[in-house]
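**Student:** curious how this folds, go ahead:
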Amino acid sequence: MNNILESLKERMGKSIDSLNSSFNKIRTGRANPAILDDVKVDYYGNLTPLNQTSNITVEESRTLVISPWDKNLMPEIEKAIASSDLGLNPSSSGDIIRVTMPSLTEETRQGYIKQARNEAENSRISIRNIRRDANNQVKDMQSSGEISEDEMRRSEDIIQKETDSFIALVDSELKNKESDLIEI
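**Tutor:** A predicted model of the protein is given here:
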């Protein structure tokens, strides 16, 4: 029974991690280096994540500064950022690249909020599927005689409480992301 609960918590935790990763990719007006996590640069024939070829820092609240370790990569980095679907325009000055986050229009804000809500709903569905799998395992244990019906009911209650706490966490993360998108 403990194995089922440990597996449940671990899998639900991964759903939350995935949600946070998805939320990091949704652009707000504020600069966040995580937005460039999926940008890949052609580094001597290999597609390499940008954060493995450069230092990425926040200069002001709306500007990212990228300092490539190999200055020959500057054009490749600019090209990779410009061709990504993030809608960012990099500009180089000397040996650094600056990326200014454009202001969000009301329409793009609403689009990003809708995207965040979809990601949150996908996480809720994932968590409910994990609950269903755990409940099925418990029912199988009860039908095979490993646990009693009372133990099965107690286990289902514990599984439901864990599910509720993870769903509440998803709702909390969504509320934080929505407030980030509305504030700026």
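**Student:** element containing the one residue sitting closest to the centre of the chain, please.
**Tutor:** In the chain, the residue lying closest to the centroid (C-alpha atoms, centre = their mean) is Ser21, at 1.4 Å. Per DSSP states H and E, Ser21 falls inside helix 2-25.
**Student:** in that helix, what counts as buried?
**Tutor:** For helix 2-25, a neighbour-count test (16 or more other C-beta atoms under 10 Å) marks 4, 8, 11-12, 15-16, 19, 22-25 as buried. (Glycine included, C-beta is placed from N, CA and C.)
**Student:** what's the closest of these to Gly45?
**Tutor:** Lys25 (26.2 Å; C-beta to C-beta).
**Student:** show me what contacts the closest one?
**Tutor:** 34-35, 37-38 (C-beta atoms under 8 Å, 6 or more residues apart in numbering).
**Student:** if you set the cut-off to 10 Å instead, what comes out?
**Tutor:** Listed by C-beta atoms under 10 Å, 6 or more residues apart in numbering, the contact set of Lys25 reads 32, 34-38, 85-86, 115, 119.
**Student:** centre of the chain versus the longest helix along the chain, how much separation?
**Tutor:** If you go by DSSP state H, the chain has its longest helix at helix 106-143. What separates the centre of helix 106-143 from the centre of its chain is 14 Å, taken as C-alpha atoms, centre = their mean, to the nearest Å.
**Student:** output the helix holding Ser21 as PDB, restricted to C-alpha atoms.
**Tutor:** This file holds the C-alpha atoms of helix 2-25, laid out as PDB (Å, rounded to 0.1, in the frame of the first residue of the first chain):
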ATOM      1  CA  ASN A   2       2.800   2.400   0.800                       C
ATOM      2  CA  ASN A   3       4.400   1.700  -2.600                       C
ATOM      3  CA  ILE A   4       1.100   2.800  -4.300                       C
ATOM      4  CA  LEU A   5       1.100   6.100  -2.200                       C
ATOM      5  CA  GLU A   6       4.700   6.800  -2.900                       C
ATOM      6  CA  SER A   7       4.300   6.200  -6.600                       C
ATOM      7  CA  LEU A   8       1.100   8.400  -6.500                       C
ATOM      8  CA  LYS A   9       2.900  11.300  -4.900                       C
ATOM      9  CA  GLU A  10       5.900  11.000  -7.200                       C
ATOM     10  CA  ARG A  11       3.800  10.900 -10.300                       C
ATOM     11  CA  MET A  12       1.600  13.800  -9.200                       C
ATOM     12  CA  GLY A  13       4.700  15.800  -8.300                       C
ATOM     13  CA  LYS A  14       6.000  15.300 -11.800                       C
ATOM     14  CA  SER A  15       2.700  16.600 -13.100                       C
ATOM     15  CA  ILE A  16       3.300  19.800 -11.100                       C
ATOM     16  CA  ASP A  17       6.900  20.100 -12.300                       C
ATOM     17  CA  SER A  18       5.600  19.800 -15.900                       C
ATOM     18  CA  LEU A  19       3.000  22.500 -15.200                       C
ATOM     19  CA  ASN A  20       5.600  24.800 -13.900                       C
ATOM     20  CA  SER A  21       7.800  24.100 -16.900                       C
ATOM     21  CA  SER A  22       4.900  24.900 -19.200                       C
ATOM     22  CA  PHE A  23       4.200  28.100 -17.200                       C
ATOM     23  CA  ASN A  24       7.800  29.300 -17.600                       C
ATOM     24  CA  LYS A  25       7.400  29.100 -21.300                       C
END
